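In: with the input below, show me the fold.
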Amino acid sequence: MSISEAGGSAFTLDTAFKPETIGDEAVEQMVAILDLQDGAPSIERLRAWALAAADVRPGDICVDVGSGTGTMTRRLAALARVDSTPGKALGIEPNVTLREIAVRRAAGARSHAQFGPGLATDLPLPDGVADVVWCERVLQHVPDPAAAIAEIARVLRPGGRAVLLDSDHESRVESDMDPDVARALTTAFMSQLANPRAARNIPRQASAAGLVVDPDIGSSALVFPEEVLAAGRMHRMAADRAVADGLVDAATADAAVQALGDAARHGWAFSAVTVFGFVCRKP
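Out: Residues are numbered from 1 along each chain as shown. From the prediction side, this is the model:
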């Protein structure tokens with residue numbers, strides 16, 4: 001199921017990607033968003049860079065914080081457990097339904113990936129157990145990201161690597177929309193995230209947690225497919241919130257969503273947000 005196909009009103013930006021989010025439509029929408037991002041070429045380029053920089057090796061113990069449907073947990077498991085090496089990958093996911101989907105997908109792929117419950121700010125692991133911790137586009141949903149990064153540092157062994165990939169939603173770019181109106185929709189969207197500027201704070205928070213941040217910082221624009229823009233669902237939700245917050249009037253919001261949808265149907269729409277990648281090492 002794609003984002004453009006999903007309907008109904010149960011899924012909203014302020015309830016997305018919460019541990020307690022349940023319901024068929026909400027889960028389908030979350031899975032659709034995660035699958036969309038998994039399939040984005042720009043995200044794959046950033047992941048490939050991050051995996052190379054993290055240097056995941058056979059025998060490593062890897063932890064995927066906020067593992068969602070388990071895509072990266074399976075990849076980490078394939079790198080860590082080669083032939084008879086004892087390496088493994090554990091996905092920590094607080095949402096029970098996403099965790100169940102991850103287990104099913106891992107079984108279908110015959111992956112050795114394992115999954116369990118837990119929060120980014122309270123990982124169910126002892127100190128110094130992990131060689132690699134992967135945390136991708138999770139911190140933007142965490143109210144206390146500094147605590148989450150401190151937890152990641154705690155479970156890393158000396159010499160371990162943390163891969164922190166996240167967005168800064170003030171980097172959003174929208175075509176075919178008045179810049180002031182686009183800014184209002186972005187402001188409304190950001191108001192529904194716990195930590196919408198997550199990426200810009202990672203170096204300071206990682207340093208405060210005792211990690212050393214590699215000087216080579218990766219970045220890639222997550223560009224939304226035109227079929228998503230043509231459907232207009234995500235921008236419609238942001239527009240409705242902007243109207244409710246008094247940032248724009250309803251007619252202006254409707255015209256902005258319509259203009260972007262029309263541009264997508266003509267084949268020239270562009271909407272993107274930048275995802276940044278940090279590799280942090282525990283001395």
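In: hmm, Val27 and Val97 touching each other?
Out: Not quite, residue 97 is Thr, not Val. Yes. The criterion here is Cβ atoms under 8 Å, and Thr97 meets it with Val27 at 4.9 Å. (Glycine included, C-beta is placed from N, CA and C.)
In: helices or strands up against the helix or strand hosting Glu100?
Out: Assigned by DSSP states H and E, Glu100 belongs to helix 96-108. Here helix 96-108 touches helix 24-38, helix 71-80, strand 114-116, going by 3 or more Cβ pairs under 8 Å, 6 or more residues apart in numbering; DSSP states H and E.
In: partner residues bridging Ala89?
Out: Under the criterion DSSP bridges, Ala89 forms beta bridges with Cys62.
In: re the thing from before, buried deepest among the helices and strands packed on helix 96-108, which one?
Out: Ranked by mean neighbour count, these are led by helix 71-80 with a mean of 23 (mean count of other Cβ atoms under 10 Å).
In: run through the residues that contact the spatially closest residue to Leu164 that is not a sequence neighbour.
Out: Nearest residue to Leu164 in three dimensions, chain neighbours excluded: Phe278, at 4.6 Å (Cβ to Cβ, 6 or more residues apart in numbering). Counting by Cβ atoms under 8 Å, 6 or more residues apart in numbering, Phe278 touches Ala162, Val163, Leu164, Leu165, Ile202, Pro203, Ala206, Val213, Asp214, Ile217, Gly218.
In: could you look up the SS state of Phe278?
Out: Secondary structure, DSSP: H, G, I helix; E, B strand; the rest coil: Phe278 is strand.
In: how far away is it from Val56?
Out: Between Phe278 and Val56 the computed distance is 16 Å (Cβ to Cβ, to the nearest Å).
In: and what of Gln205?
Out: With distances taken as Cβ to Cβ, Gln205 is found 23 Å from Val56.
In: tell me the predicted confidence for Gly59.
Out: If you check Gly59, the pLDDT there is 97.
In: hang on, I meant Pro19
Out: Here the pLDDT value assigned to Pro19 is 68.
In: same thing with Val142?
Out: 96.
In: quick check: it vs Gly68, distance?
Out: Per Cβ to Cβ, Val142 is found 14 Å from Gly68.
In: of those two, who's got more company?
Out: More neighbours surround Gly68 than the other of Val142 and Gly68, with 26 against 22 (other Cβ atoms under 10 Å).
In: quick check: that one touching Leu34?
Out: Yes. If you go by Cβ under 8 Å, Gly68 and Leu34 touch, sitting 5.0 Å apart.
In: about what we covered before: confidence score at the residue nearest to Leu164?
Out: So Phe278 comes in at 98 (pLDDT).
In: distance of it from Glu136?
Out: Using Cβ to Cβ, Phe278 is found at 11 Å from Glu136.
In: shared neighbours of these two, which are they?
Out: Contacts common to Phe278 and Glu136, judged by Cβ under 8 Å, 6+ apart, are Val163, Leu165.
In: chain neighbours aside, what residue packs nearest to Thr71?
Out: Sequence neighbours aside, Asp38 is the residue nearest to Thr71 in space, at 5.1 Å (criterion: Cβ to Cβ, 6+ apart).
In: who touches the closest residue to Val138 other than its chain neighbours in this structure?
Out: Among residues not flanking Val138 along the chain, Gly66 sits closest, at 3.4 Å (Cβ to Cβ, 6+ apart). By Cβ under 8 Å, 6+ apart, the residues touching Gly66 are Ile92, Glu93, Pro94, Ala120, Cys135, Glu136, Arg137, Val138, His141.
In: could you check how far the fourth one is from Val65?
Out: The reference is to Ala120. Distance of Ala120 to Val65, computed by Cβ to Cβ: 5 Å.
In: which one of these two has more residues nearby?
Out: Legend: neighbour count by other Cβ under 10 Å for Ala120 and Val65, higher for Val65 (29 against 21).
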